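Chemist: sequence-free structure coming up:
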């Protein structure tokens, strides 16, 4: 079963706290965290602030603004004694528990605002961002304090397969995550001076949500899992599983662009997934991209494919890098031809290709 991240947040926080307890006798305010401009104490406060902020964003389902949380534990404004290093770790443990609780209690469709790049994240996204903050800044603090640290590989993999879908996986998940965040070199890859993580894109229609599939979800779907979705009877259909396999191969090859991957079509009224739709890859040099789709049999005949394809096509053709969309359909597949026609695709020619498929095109 695909994990939503609560257990992983707990593990990341516990491992970080256990490591940093080895340096309780050091003055964290006087030691810089690796290459950061922050001291280790400021870095620890930053981790705690992010953990509680992510918990708040998810629990409150903030729609259009980032709710600011900034934890300062010097105690001066309240007339209290400043927290010592052990107290700082207690705060990190507490804020980590809040994020875990938010993840475990949030419904599957819960999303909260996050500015980059698609302005929202789901519970897996917030879990991955929280884990990334803990792992990476523990690395920074450990380097400043002279402590050896290597994050658990499966936690680094959780982060990479949720919010770094554009980064080709390497044989060492932790080193790949350090490289992806500008903290390490990897043979054959240029060092990064700037980086961003990427939560999944969601496109809304009147009755559906098109939810971008992460590499983690694609891997699960491709081997017979649910991908973390609740499916209508008979779903996911075979085409969705095949598309998930294509997404996974693109990710493993380092050519995956998440916005041009697979989307699962989720019915808004009951949060059930009814099918899959997406692209066979990024646009080519001429701005041409291929689309494909399928629905579970129980969901057919309701106009879902037409509604979803119209929205996906409008989104794609509004981009500067997309000039046209095309699809190939078997001549005997009359329902799919009807979907294409209603959206505005037209036949490229009267001929079929060598596989007996008819090509249709929609230009911007």
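Modeler: Structure received. Since the structure is predicted, the reported quantities are computational estimates derived from the model, not experimental observations.

Chemist: surely residue 168 forms part of a helix?
Modeler: No: looking at residue 168 with DSSP: H, G, I helix; E, B strand; the rest coil, it is coil, so not inside a helix.

Chemist: who are the contact partners of it?
Modeler: Contacts for residue 168 (C-beta atoms under 8 Å, 6 or more residues apart in numbering) come out as 251-254. The way it works is simple: take the backbone N, C-alpha and C, and place the C-beta from them, glycine included.

Chemist: can we see that at 10 Å?
Modeler: By C-beta atoms under 10 Å, 6 or more residues apart in numbering, the contact list for residue 168 reads 160, 176, 180, 186, 189, 250-256.

Chemist: likewise residue 11?
Modeler: Taking C-beta under 10 Å, 6+ apart, we find residue 11 in contact with 96, 100, 131, 134, 152, 154-155, 158.

Chemist: including pLDDT, distance to residue 222 and secondary structure, could those residues go into CSV?
Modeler: Converted to CSV, the contacts of residue 11 look like this (pLDDT from 0 to 100; distance: C-beta to C-beta, whole Å; DSSP: H, G, I helix; E, B strand; the rest coil):
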residue, pLDDT, distance to residue 222, secondary structure
96, 98, 32, helix
100, 98, 28, helix
131, 98, 24, helix
134, 98, 29, helix
152, 97, 24, coil
154, 98, 19, helix
155, 98, 22, helix
158, 98, 18, helix
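
Chemist: can I get these in CSV with neighbour count and distance to residue 49?
Modeler: Formatted as CSV, the contacts of residue 11 follow (neighbours: other C-beta atoms under 10 Å; distance: C-beta to C-beta, whole Å):
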residue, neighbour count, distance to residue 49
96, 27, 12
100, 22, 16
131, 29, 16
134, 29, 12
152, 15, 23
154, 12, 26
155, 23, 20
158, 27, 22
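
Chemist: out of the contacts of residue 168, which end up buried?
Modeler: For these, a neighbour count by 16 or more other C-beta atoms under 10 Å gives the buried set as 160, 176, 180, 186, 250-251, 256.

Chemist: what is the nearest of those residues to residue 37?
Modeler: For the buried ones among the contacts of residue 168, the minimum distance to residue 37 (C-beta to C-beta) is 21.0 Å, reached by residue 180.

Chemist: what sits against the residue lying closest to the closest one once chain neighbours are set aside?
Modeler: Spatial nearest neighbour of residue 180, excluding adjacent residues (C-beta to C-beta, 6 or more residues apart in numbering): residue 167 at 4.6 Å. Residues in contact with residue 167 (C-beta under 10 Å, 6+ apart) are 160-161, 176-177, 179-181, 189, 192, 195, 197-198, 215, 251, 254, 256.

Chemist: now swap in residue 347 and tell me
Modeler: 329, 337, 340-341, 358-361.

Chemist: tell me which of those residues fall in strands.
Modeler: Counting by DSSP state E, the part of the contacts of residue 347 found in strands is 329, 358-361.

Chemist: farthest-apart pair in the buried ones among the contacts of residue 168, please.
Modeler: Counting by C-beta to C-beta, the most remote pair of the buried ones among the contacts of residue 168 is 186 and 250, 19.5 Å apart.

Chemist: measure the residue lying closest to residue 163 once chain neighbours are set aside to residue 292 for me?
Modeler: Excluding the flanking residues, the one nearest residue 163 by C-beta to C-beta, 6+ apart is residue 197, at 4.0 Å. Using C-beta to C-beta, to the nearest Å, one obtains 27 Å as the distance from residue 197 to residue 292.

Chemist: doesn't residue 197 fall inside a strand?
Modeler: No: assessed with three-state DSSP, residue 197 is coil; it does not lie in a strand.

Chemist: looking at the protein, which helix or strand is least sure?
Modeler: Using mean pLDDT, DSSP states H and E, strand 346-352 stands out as the lowest-scoring helix or strand of the chain, at a mean of 85.

Chemist: off-centre distance for it?
Modeler: Here strand 346-352 is found 37 Å from its chain centre; the criterion is C-alpha atoms, centre = their mean, to the nearest Å.

Chemist: partners of it, with directions?
Modeler: Its sheet considered, strand 346-352 pairs with strand 358-363 (antiparallel) by DSSP bridges.

Chemist: what comes up buried for the partner strand?
Modeler: Within strand 358-363, the residues that qualify as buried are 358-362, counting by 16+ other C-beta under 10 Å.

Chemist: how far is that strand from where the chain is centred?
Modeler: Relative to the chain's own centre, strand 358-363 is displaced by 31 Å; criterion: C-alpha atoms, centre = their mean.

Chemist: begin at 59 from now on, thanks
Modeler: Right, with 59 as the first residue, what we last looked at is strand 416-421.

Chemist: any stretches of the stretch 309-422 of the chain with poor pLDDT?
Modeler: Along the stretch 309-422 of the chain, no part satisfies pLDDT under 70.

Chemist: going along the chain, name the helices of it.
Modeler: 362-375, 392-401 (DSSP state H, counting those that start in this stretch).

Chemist: can you pull the contacts of residue 417?
Modeler: Residue 417 neighbours (C-beta under 10 Å, 6+ apart): 348, 384-387, 403, 405-407, 409-411.

Chemist: one more time with 7 Å, if that's ok
Modeler: 384, 386, 406, 411 (C-beta atoms under 7 Å, 6 or more residues apart in numbering).

Chemist: first-to-last residue distance for stretch 200-213?
Modeler: 17 Å (C-alpha to C-alpha, to the nearest Å).

Chemist: next: stretch 325-332.
Modeler: 7 Å.

Chemist: residue boundaries of the helices in the stretch 159-308 of the chain?
Modeler: Ranges of helices in the stretch 159-308 of the chain, per DSSP H, counting those that start in this stretch, are 181-203, 211-221, 231-238, 273-280, 296-311.
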